[in-house]
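Colleague: any chance you could fold what I've pasted below:
(one chain, ligands or ions: 2)
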Amino acid sequence: MIKMNDITRDGNPVLRKRAEKATFPLSADHKELGNKMMEYLINSQDPEIAEKYKLRAGVGLAAPQVGVSLQMAAVLVPGAKDKPPLFKEILVNPVIVSESVQIAALEEGEGCLSVDKEIPGYVPRHDRITIKYQTVDGENKKIRLKDYPAIVCQHEIDHLKGTLFYDHINQKEPLKIDDDAVLIG
Ligand SMILES: Cc1nc(NNC(=O)[C@H](CC2CCCC2)CN(O)CO)c(F)c(N2CCN3CCOC[C@@H]3C2)n1
Ligand code: NI
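Modeller: Ligands and ions are numbered 1, 2, ... in the order given. Purely as a prediction, here's the structure:
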């Protein structure tokens with residue numbers, strides 16, 4: 001299972017590279033990697049397992065964060081209690097094909113499993129996006145996302161381009177954001 005010491009930290013050049021496009025059919029290793037990344041998210045959202053293995057909770061994880069420069073990310077955005085997840089997918093070669101003018105940001109700001117310090121400030125993103133991606137089985141998908149799942153996917157797709165969340169924070173005024181930005185609580 002993936003544990004915190006498998007997670008690459010800011011300063012490791014792999015986090016600042018554009019990740020390699022995955023080719024199909026995916027190798028067994030790459031399929032396994034996707035499943036391991038999803039397994040990490042599931043484990044990290046289980047209080048007992050997270051406590052037992054000291055896992056930082058996550059709703060997304062990108063391959064460069066486990067040292068693999070590959071365009072693949074796992075996303076597990078939970079739904080309300082006892083409800084199915086809002087979005088659960090392993091994204092391969094994801095591309096944002098359209099994005100709303102409307103800006104949105106998580107009210108609490110963002111963190112990153114690869115960044116050990118808290119960096120306060122709004123991370124302006126698009127409230128709605130359309131992404132095209134492939135599943136691990138090579139199926140082409142095109143989906144529209146909004147609010148929380150859209151924010152998470154933008155954070156993960158950033159990782160595949162070597163961008164980290166704090167790159168988007170207004171350094172002079174971290175808590176400044178468009179008046180009409182949607183703040184997601
Ligand atoms: C928003 C949030 N970010 C958590 N961590 N950071 C991450 O996921 C990083 C990615 C997210 C940072 C902002 C957007 C994407 C990881 N990243 O670096 C990947 O690139 C959380 F853990 C979390 N939740 C809410 C849901 N809860 C369900 C029960 O279990 C605890 C869990 C906590 N919400
Ligand atoms: Ni991250």
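
Colleague: now stretch 29-44, how far from the centre of its chain.
Modeller: Relative to its chain's centre, stretch 29-44 lies at 13 Å (CA atoms, centre = their mean, to the nearest Å).

Colleague: does ligand 1 sit close to it?
Modeller: No. Applying CB under 6 Å from any ligand atom, one finds stretch 29-44 out of contact with ligand 1, separated by at least 6.8 Å. From N, CA and C alone the C-beta is placed, and that goes for glycine too.

Colleague: list the buried residues for that stretch?
Modeller: 30-31, 33-34, 37-38, 40-41, 43-44 (16 or more other CB atoms under 10 Å).

Colleague: neighbours around residue 153, how many?
Modeller: 25 (other CB atoms under 10 Å).

Colleague: next SSE after the host helix or strand of it?
Modeller: If you go by DSSP states H and E, residue 153 is part of helix 147-160. Counting by DSSP H and E, the next helix or strand C-terminal to helix 147-160 is strand 182-184.

Colleague: could you list every helix and strand in contact with that following strand?
Modeller: Under the contact definition 3 or more CB pairs under 8 Å, 6 or more residues apart in numbering; DSSP states H and E, strand 182-184 sits against strand 103-106, helix 147-160.
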